[in-house]
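[1] 3D model of this:
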Amino acid sequence: MTALLAIVGLAAFVVVALIALGFRDDLEVLHQVVGRIKPYLAGLHLLAIGALWLAWPWLTRRLPAHWPNEARAAFLGARHRICIGLLFIELLVVLGIPFGLSM
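    Numbering: from 1, shown residues only. This is a model prediction of the structure:
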């Protein structure tokens, strides 16, 4: 429920930001607006990945009771691999770091 509320809030924020920055029905204006807010959205992505990394042990403790302890340990052990993978995807695909910044 909290995640859904966060997603809806973020979507509402983006819509309000687009309207406030001058988005009408012109694709060029939309392209400029997205270009201006892209660094902030990338920062938001990086903060979300950091929050996931920090919350991972808490999420592991919240797993259903019927999960075996070995599965919980494997899930907790996957914390660094998954967060580093998400970080690499963010840097390569979204920011295009090795190919020049696409901001």
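
[2] name the helix or strand for Trp67, please.
    According to DSSP states H and E, Trp67 maps onto no helix or strand at all.

[3] what's around it, how many residues?
    12 (other CB atoms under 10 Å). Where C-beta positions appear, they are placed from N, C-alpha and C, glycine not excepted.

[4] any idea how far stretch 62-80 is from the chain center?
    23 Å (CA atoms, centre = their mean, to the nearest Å).

[5] measure it end to end?
    Across its full length, stretch 62-80 reaches 18 Å between end residues, using CA to CA, to the nearest Å.

[6] contact partners of it?
    With contacts defined as CB atoms under 8 Å, 6 or more residues apart in numbering, stretch 62-80 is touched by Trp53, Trp56, Pro57, Thr60.

[7] any of these buried? List them.
    Buried by 16 or more other CB atoms under 10 Å: Trp53, Trp56, Thr60, out of the contacts of stretch 62-80.

[8] tell me how many other residues surround Gln8.
    Just so we're on the same page, residue 8 is Val rather than Gln. Val8: 10 neighbours (other CB under 10 Å).

[9] tell me the pLDDT at it?
    Val8 is assigned a pLDDT of 83 by the prediction.
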